[in-house]
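> How does the following fold in three dimensions:
(chains A, B, C and D)
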Number of protein chains: 2
Amino acid sequence: MTTRPPSTRGEYARSAARRREIIDAAVEVFSTAGFHKGSLRDVAERAGLSQAGLLHHFPSKYHIIEAVLTWRDTHAREAIDEAAREGGLTHIRALIDLIESNQRDSPTLTELYAVLSADATSRDHPVHDYFDQRYAWVLASVEKSFQEIAAAGQLRDGVEPADAARWMVALIDGLQIQWLYDRAAVDMAEEIRRFLQTLLTVEL
Amino acid sequence: MTTRPPSTRGEYARSAARRREIIDAAVEVFSTAGFHKGSLRDVAERAGLSQAGLLHHFPSKYHIIEAVLTWRDTHAREAIDEAAREGGLTHIRALIDLIESNQRDSPTLTELYAVLSADATSRDHPVHDYFDQRYAWVLASVEKSFQEIAAAGQLRDGVEPADAARWMVALIDGLQIQWLYDRAAVDMAEEIRRFLQTLLTVEL
DNA sequence: GTCTATATACTGATAGAC
DNA sequence: GTCTATCAGTATATAGAC
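Numbers count the residues shown, from 1 in each chain, chains lettered A, B, ... in the order given. Down below sits the predicted model:
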């Protein structure tokens, strides 16, 4: 039997573009309604096709949320990878810059992550394992950078690198919630910078 | 027309006890499954009656979650009210103690609050307004205490009371999420105490 | 006060025409 | 690749017997 290969680059591009449209629609729906409450019909309608048409591109609701998460992760790692390799303050600064640009350029995606990371604490949640591993990885990599900061004499005496890492990650999540309730009142990146400055002996 | 008053104290007590059983069941169901995903049937089953029987005591799902929240708030305010009136470090210490005892004695209720406060960021969520007002109130009362701490010379130079309040509330929410993913790794009260100690000039 | 039975709506997913 | 039609499951809520 023969499988018909796409005859032109155009077909691949069109399909990929459709998937992107669906992912964008899913971000908007899931970030305001939540993953459980946000329906495939809502996503389909926003993407401009029927619910059955949507499931031609992604076989299940889980595949859609998975695509959303991996798509953002790919782009986030591109933005942070070089600074993460360098470590120390460079890594921390890049993280804050990333948060700042995320909030400015894709607030709905930021919203989705904030809501979903709390939603997925339930052990049988479809993306529980994803967030579980993500927290472990983020905490470890931030702690490593704070250890380097401490070794360079840039961390105040008595502040443990493991604590600083945990506080920074917690502050990010917590400020995001406050931001979602009152967006005008919270400037996340500035707030995190001021907080970190109290832990450091050098200018951030 | 005449309304039949309860003939004995027993009837009130029995009905009140039933409502408490339902509230306890609701806490357990909603904290693990989330508010949307947790069903009235689950709550009813755990409370030992049918779903229709449950709706005799609370006319809708919303009334149940509302009862859960106001019930906890009443008890939380009892525990914190005196210290809150005194203000300053006394208030902050009492807040941390309350978090510690909540986590030890009613972890599922703590879990429910953490998940629900993120869930309810959506503007059309049934308890959005409740959490919106709660954050405004908590932030204001904690900021007031940090102003008193600053006036007493107990706050490190350069730390703004408004920032300290925002950071403390954010840290509580963020650590709760980390705790839900890895309960063995996070001692919330200790972590918050160590964090606040870095902002203060006196022993907490 | 509690039950069974049911109304009504919406969910994710599938079948099959085009 | 997209559609209509539909399935089976579950949700909240109601009606009415007991």
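> Contact residues of chain A facing DNA strand C?
A:38-42, A:51-52, A:55, A:59-62 (CB under 7 Å from any atom of the strand). All C-beta spots, glycine's among them, are computed from the backbone N, C-alpha and C.
> switch to 10 Å and redo it
Applying CB under 10 Å from any atom of the strand, we find that chain A lies next to DNA strand C at A:29-30, A:33, A:35-44, A:50-56, A:58-64, A:126.
> what ranges do the strands span in chain A?
Counting by DSSP state E, chain A has no strands at all.
> That one: helices as residue ranges?
Using DSSP state H, the helices of chain A run over A:9-33, A:40-47, A:51-57, A:61-86, A:88-105, A:107-119, A:128-151, A:161-181, A:188-197.
> Least confident of those helices, on average?
Lowest mean pLDDT within the helices of chain A: helix A:9-33, a mean of 89.
> ok, that helix near chain B or not?
Yes. Using CB under 8 Å from any CB of the partner chain, we find that helix A:9-33 touches chain B at A:32-33.
> what's next to that helix, contact-wise?
Under the contact criterion CB atoms under 8 Å, 6 or more residues apart in numbering or on different chains, helix A:9-33 has outside partners A:6, A:38-39, A:42-44, A:46-48, A:54, A:57-58, A:64-65, A:67-68, A:71, A:106, A:108-109, A:111-112, A:115-116, B:122-123.
> If any of these are buried, give me the PyMOL selection for them.
In PyMOL, a selection of the buried entries from these looks like this (16 or more other CB atoms under 10 Å in any protein chain shown):
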select buried, (chain A and resi 38+42+43+44+46+47+54+57+58+64+65+67+68+71+106+109+111+112+115+116) or (chain B and resi 122)
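> and DNA strand D, which of the contacts of helix A:9-33 reach it?
Applying CB under 10 Å from any atom of the strand to those, those adjacent to DNA strand D are A:6, A:44, A:47-48, A:54, A:57.
> Check these and tell me the two furthest apart.
Within those, two members stand farthest from each other by CB to CB: A:Pro6 and A:Ala44, at 23.8 Å.
> Please name whichever of the helices of chain A is nearest to B:Ala184.
helix A:128-151 (12.6 Å).
> Does chain B have contacts with that closest one?
Yes. Using CB under 8 Å from any CB, we find that helix A:128-151 touches chain B at A:131-132, A:135-136, A:139.
> which one of those residues sits closest to DNA strand D?
A:Phe131 (23.0 Å; CB to the nearest atom of the strand).
> mind checking how far the residue lying closest to the closest one once chain neighbours are set aside is from A:Leu112?
Nearest non-adjacent residue to A:Phe131, counting by CB to CB, 6 or more residues apart in numbering or on different chains: A:Ala120, 4.6 Å away. Separation of A:Ala120 from A:Leu112 (CB to CB, to the nearest Å): 11 Å.
> just A:Asp24 next, same as before
From A:Asp24 over to A:Leu112 the distance is 11 Å, taken as CB to CB.
> What is the burial count for A:Ala184?
If you count neighbours by other CB atoms under 10 Å in any protein chain shown, A:Ala184 ends up with 6.
> what pLDDT does it get?
97.
> ok, now which ones touch the residue most central in space within chain A?
When CA atoms, centre = their mean is applied to chain A, the residue found nearest the centroid is A:Tyr113 (5.4 Å). By CB under 8 Å, 6+ apart, the contact set of A:Tyr113 is A:72, A:176.
> how far away is it from B:Leu55?
From A:Tyr113 to B:Leu55 the distance is 36 Å (CB to CB).
> Ok, A:Gly174 next?
From A:Gly174 across to B:Leu55, the span is 36 Å (CB to CB).
> Between these two, which is the more surrounded one?
More crowded of A:Gly174 and B:Leu55, by other CB under 10 Å: A:Gly174, with 24 against 15.
> Assess the claim that the more buried one and B:Met168 are in contact.
No. Contact criterion CB atoms under 8 Å: A:Gly174 and B:Met168 do not qualify, at 9.2 Å.
> Nearest spatial neighbour of A:Thr108, chain-adjacent residues omitted?
For A:Thr108, ignoring the flanking residues on the chain, the nearest one in space by CB to CB, 6+ apart is A:Ser31 at 4.5 Å.
> The one you found: neighbour count?
So A:Ser31, with other CB under 10 Å, has 25 neighbours.
> Compute the distance between it and B:Ala118, please.
Going from A:Ser31 to B:Ala118 by CB to CB gives 12 Å.
> Repeat that for A:Asp173.
Applying CB to CB, the value for A:Asp173 to B:Ala118 is 9 Å.
> joint contacts of the two?
Common contact partners of A:Asp173 and B:Ala118 (CB under 8 Å, 6+ apart): A:114, A:117.
> Just want to know which of the two has more residues nearby.
With neighbours defined as other CB under 10 Å, A:Asp173 and B:Ala118 compare such that B:Ala118 has more, 26 against 22.
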